[in-house]
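Q: Build me a model from this:
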Amino acid sequence: MSGENPFDHNDIDDVIHGRLRLGIMAYLSSVSPAIFGELRDKVGATDGNLSTHLRKLEEAGYIELEKRFVGRRPQTRIHLTKSGRAAWLAWLDRMQALMRAAE
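A: Numbers count the residues shown, from 1 in each chain. The predicted model follows:
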């Protein structure tokens, strides 16, 4: 974080800052792992839309997908990684600094 100019937008993590990804990260920060269907319902996404955004978070190393079977049914569990939690906390700090500067 720049620290010098709290209004500088360049150090805001664009991977997290997208609206749906923001909801995903917020939910996973409190409930990790989450089951795909549960996460989809909590953030109000379609299966395809959620999958697209999960791929972006996975490519950034912020989440890991675990595919398994429960009985005979496939289940995808989404885990927030250590670097994902660090990125989430950095994003929160950045937003708090921006809000403090705007007061």
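
Q: burial of D13, as a residue count?
A: By the criterion of other Cβ atoms under 10 Å, D13 has 17 neighbours. Bear in mind the C-beta positions are built from the backbone N, C-alpha and C, glycine included.

Q: right, and it touches W91 too?
A: Yes: contact criterion Cβ atoms under 8 Å: D13 and W91 qualify, at 5.1 Å.

Q: which one's the longest helix in this protein?
A: When the chain is scanned for its longest helix (criterion: DSSP state H), the result is helix 82-102.

Q: what does that one rub up against?
A: If you take Cβ atoms under 8 Å, 6 or more residues apart in numbering as the criterion, helix 82-102 is touched by 1, 6-7, 11-13, 15-17, 25-26, 28-29, 57, 60-63, 80.

Q: so where do the helices sit in this protein?
A: With DSSP H as the criterion, the chain has helices spanning 14-17, 19-30, 36-43, 47-59, 82-102.

Q: OK, contacts around the most centrally placed residue in the chain?
A: By Cα atoms, centre = their mean, the chain has its centre lying nearest to M25, at 2.4 Å. With contact set as Cβ under 8 Å, 6+ apart, M25 has these partners: 16, 57, 62, 80, 84, 87-88, 91.

Q: just the buried members of the contacts of helix 82-102?
A: By the neighbour-count criterion of 16 or more other Cβ atoms under 10 Å, these include these buried positions: 13, 15-16, 25-26, 28, 57, 60, 62-63, 80.

Q: Around the nearest residue to I12 once chain neighbours are set aside, count how many other residues there are.
A: Among residues not flanking I12 along the chain, R94 sits closest, at 5.8 Å (Cβ to Cβ, 6 or more residues apart in numbering). By other Cβ under 10 Å, the residues close to R94 number 20.

Q: Kindly report the same for N5.
A: Neighbours of N5 under the rule other Cβ under 10 Å: 10.
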